[in-house]
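1. Sequence plus the predicted model coming up.
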Amino acid sequence: MYLPNIAIAGATGLVGRTMLDILKEKKIRYSSIRLLASSRSAGQHININDEQHTVQELNKDSFQDIDIALFSCGGDTSKKYAPIAVQSGAIVIDNSSAWRMHPNVPLVVPEVNSSSIPSEAGIIANPNCSTIQLVVALRPIHALFGLKKVICSTYQSISGAGQSGVDRLQAELQDPSLNKGKRIAFSTLFHQYQSNGRTDEENKMLNETRKIMDIPELDISVTCVRLPILGGHAESIWLETEKPIEIELLKRKFDEEEGIVFSDNFHSNEYPTPETAAGQDPVFISRLKTDPVFTNGLSMWVVADNLRKGAATNAVQIAENIISNRTSTL
C-alpha cells in the first residue's frame, strides 16, 4: 500500500480545514501530514485523529519529502511555492486560479477527465467551484447527445469569497448601516469585471469548461451572481445538443453516474437547494426538462456544496486517484 507524505498549504483557511475533514471522512491513509500557512497562522494547533498538529509557516523548505501537496492559499502564493514543491518531488493539487489555464497543467474533475491526472511530480489545477458542478452535470449529456450550446446562470454563496466574505455578510446582517461599497446582505453582487465585459468568474467558467471537456469551440454564456447565503452554489442551465434528447435515457444515465444525485420529484415540490447540499459531496440535479427555446433544448437545476465538491472534495478525490494508481503499480 502506497502511503504518501501529504502537505496542506493554507491549512487554516475555509477550504484547507475542509480538506482535513474530507481526508478523515474518506479514511485516506498517509504516512505523515504537514500543515502549512502564513506567518499569521503559524503556531496554531489543529487536532487530526486525536493528535495535535502544529501549523508551520510556509517557506521554501516546506516540501522536503512531501509526495502530495494540497494548495489552498491564493494565486500569488501558489505561483511562488507550487514550482518549489514540484522541484522537491511533490505532485501539487492547486485550488487557486493561478495554473488553471496553463497549457501544460491539467485541469481536473475526476468524474469528467481523470485520465488527465499525472502520476509524476507536477502541478494539477483544481477548477473553479461553479465550473466543477457544471461539468459534472454536462458530461453525461455530452456523452449521449453531444453539446452544442450552454447558457448558465449561477446563484453563488458568499463563502466562495472565503472567510472574509462570510465575515462581511454576518457583519452586515448584524448592522445594516455598514457601508463598504456594494452590500451583500439583502442584496446581490457581481464579481469583478474584466476588460471584455464579463466578470472574472464568468471568464473562468467559460474557459475552464472548454478545457476540462476538451470542447474548445463550445458556445457557452455565463452570468455569475453572489447571493447573501453562507454556503452552497446553485445553477440554472439551458443547453442545446447536437442530437435529439431522449429524456428518459438521460434520467437513467444520471441515476447511474457516480457523484450525481438526480431528483425527479418536482411534482411533489421537492427539489435540492444549497441547504440540501450543505456538508455533502455529490452534485444534485433536478428540474430536468426539454426546453422549446432550442431545437434540441434542455434545462436543469444543479446544486453543490462549493467548499466540498466545489473545492476541497475535488482536490482530495484527485489525491485519492493518485494514491490508488501508485498503489496498483507496487
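-> In hand now; what should we look at? Residues are numbered from 1 along each chain as shown.
2. in the chain, which spans are strands?
-> Using DSSP state E, the strands assigned to the chain run over residues 5-9, 32-37, 45-48, 51-54, 56-57, 68-71, 91-94, 122-125, 147-156, 219-226, 233-241, 260-262, 283-290, 297-304.
3. okay, now the domains of the protein?
-> Using automatic domain parsing, the domains assigned to the chain come out as 5-127+311-328, 130-305.
4. weakest of the ones you listed by average pLDDT?
-> Note on the domains of the chain: domain 130-305 shows the lowest mean pLDDT, a mean of 91.
5. what separates it from the chain centre, distance-wise?
-> Chain-centre distance of domain 130-305: 12 Å, with C-alpha atoms, centre = their mean, to the nearest Å.
6. hmm, back to that, and the domains of the chain as JSON lines, adding mean neighbour count?
-> (Each C-beta comes from the backbone N, C-alpha and C, glycine too.) Shown next, in JSON lines, are the domains of the chain (neighbours: other C-beta atoms under 10 Å):
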{"stretch": "domain 5-127+311-328", "mean neighbour count": "19"}
{"stretch": "domain 130-305", "mean neighbour count": "17"}
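7. for residue 238, what are its contacts?
-> 150, 151, 152, 291, 293, 294, 297, 298, 299 (C-beta atoms under 8 Å, 6 or more residues apart in numbering).
8. Setting aside sequence neighbours, what's the nearest residue to the fourth one?
-> For residue 291, the nearest residue in space outside its immediate sequence neighbours is residue 297; the separation is 3.6 Å by C-beta to C-beta, 6 or more residues apart in numbering.
9. correct me, but that neighbour touches residue 290?
-> Yes: counting by C-beta atoms under 8 Å, residue 297 does reach residue 290; the two are 6.1 Å apart.
10. any residues in contact with both of these two?
-> Joint contacts of residue 297 and residue 290 (C-beta under 8 Å, 6+ apart) are residue 245.
11. Helices of the stretch 51-200 of the chain, residue ranges please.
-> 75-87, 110-113, 129-145, 163-174, 200-213 (DSSP state H, counting those that start in this stretch).
12. Format those helices as JSON lines; extra columns: distance to residue 50.
-> Putting the helices of the stretch 51-200 of the chain into JSON lines (distance: least, C-beta to C-beta, whole Å) gives the following:
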{"stretch": "helix 75-87", "distance to residue 50": "28"}
{"stretch": "helix 110-113", "distance to residue 50": "30"}
{"stretch": "helix 129-145", "distance to residue 50": "31"}
{"stretch": "helix 163-174", "distance to residue 50": "26"}
{"stretch": "helix 200-213", "distance to residue 50": "38"}
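13. Figure out which of those is closest to residue 5.
-> helix 75-87 (11.7 Å; C-beta to C-beta).
14. Give me the helices and strands touching the closest one, please.
-> strand 5-9, strand 68-71, strand 91-94, strand 122-125 (3 or more C-beta pairs under 8 Å, 6 or more residues apart in numbering; DSSP states H and E).
15. same thing but at 10 Å, please
-> Counting contacts by 3 or more C-beta pairs under 10 Å, 6 or more residues apart in numbering; DSSP states H and E, the secondary-structure elements packed against helix 75-87 are strand 5-9, strand 32-37, strand 68-71, strand 91-94, strand 122-125.
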